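1. I'd like to go over a predicted model; first the sequence, then the structure.
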Amino acid sequence: MHNFKDFNIKPSGHGFIGDRIKVERILNKEIIVHRYEIKDSIYEGKCLYLQVETGNEKRVIFTGSKTLMDMIAKVTEDKLPFTTTIVKDNDRFEFT
């Protein structure tokens, strides 16, 4: 019988650390964005995964906000991490 650890297989990619929180919990508060991924949503369209830090705790945010996805897609990896605030302008979220 083989043991999995003998296969020397390592996980691919980097996981997100911390409990999931809703965007509404960090609105208008300064956060640090450490990394992000835009993936296919399990529901429809795309989903933004954000690894953020708030109050010295790492958290994960999932959102379908097209505006946030369009804005963060313009941030190159060499600009991470960065500080920002997410605000709600009318019915859409935006980085400031």
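-> That came in fine, so what should we check first?

2. Please count neighbours and contacts with C-alpha atoms only from this point.
-> OK.

3. Give the next helix or strand downstream of the host helix or strand of residue 85.
-> Using DSSP states H and E, residue 85 maps to strand 82-89. Using DSSP H and E, the next helix or strand after strand 82-89 towards the C-terminus is strand 92-95.

4. can you give me the mean pLDDT across that next one?
-> Average pLDDT, strand 92-95: 96.

5. Tell me the buried residues in the strand holding residue 85?
-> Residues of strand 82-89 classed as buried by neighbour count (16 or more other Cα atoms under 10 Å): 86, 87.

6. what pairs with that strand, and is each one parallel or antiparallel?
-> Strand 82-89 pairs in its sheet with strand 30-40 (antiparallel), strand 92-95 (antiparallel), by DSSP bridges.

7. any chance of these in JSON lines, plus mean neighbour count and distance to residue 12?
-> Listed next are the strands paired with strand 82-89 as JSON lines, based on neighbours: other Cα atoms under 10 Å; distance: least, Cα to Cα, whole Å:
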{"stretch": "strand 30-40", "mean neighbour count": "17", "distance to residue 12": "14"}
{"stretch": "strand 92-95", "mean neighbour count": "16", "distance to residue 12": "29"}
